[in-house]
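In: Quick one, fold the following:
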Amino acid sequence: MTPQSERLLAALEAEIKSISKLEHTLARTKLVLQEAASRLRLGTNPELIMTTLRLKIPHETTLALIERVDPVLSSPVQPPPSVSERRPET
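Out: Okay, the predicted model is just below:
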């Protein structure tokens with residue numbers, strides 16, 4: 001095998017490995033999304049579903065999903081101000 005053939009073979013094998021990892025990620029994401037859909041059909045709170053998705057699936061997928069569903073859900077939830085941060089009433 002020539003050096004050029006060896007380099008090409010190495011590049012092809014690296015790409016195949018990369019695609020295999022991507023396939024695994026996509027299959028896992030698909031399963032998580034299918035489970036979320038089932039939970040929604042059973043009446044689970046949509047905000048709980050979105051929180052779960054944020055934790056379990058790739059960030060890019062979560063953002064695309066949120067933007068399609070509801071821009072309000074895409075903004076992070078702000079915790080209420082602590083007692084020390086509140087202004088005294090006058």
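In: Quickly note the distance from E60 to Q34.
Out: When distance is defined by Cβ to Cβ, to the nearest Å, E60 is 19 Å away from Q34. C-beta coordinates here come from the backbone N, C-alpha and C atoms, glycine included.
In: er, T52 actually
Out: Between T52 and Q34 the distance is 13 Å, computed by Cβ to Cβ.
In: So for those two, which sits in the more crowded spot?
Out: Neighbours were counted for T52 and for Q34 using other Cβ atoms under 10 Å; T52 has more, 15 against 10.
In: Tell me the gap between the helix or strand encompassing that one and the middle of its chain.
Out: Remark: T52 resides in helix 46-56, with elements defined by DSSP states H and E. Relative to its chain's centre, helix 46-56 lies at 9 Å (Cα atoms, centre = their mean, to the nearest Å).
In: Mind giving me the packing neighbours of it?
Out: Under the contact definition 3 or more Cβ pairs under 8 Å, 6 or more residues apart in numbering; DSSP states H and E, helix 46-56 sits against helix 3-41, helix 59-69, helix 71-74.
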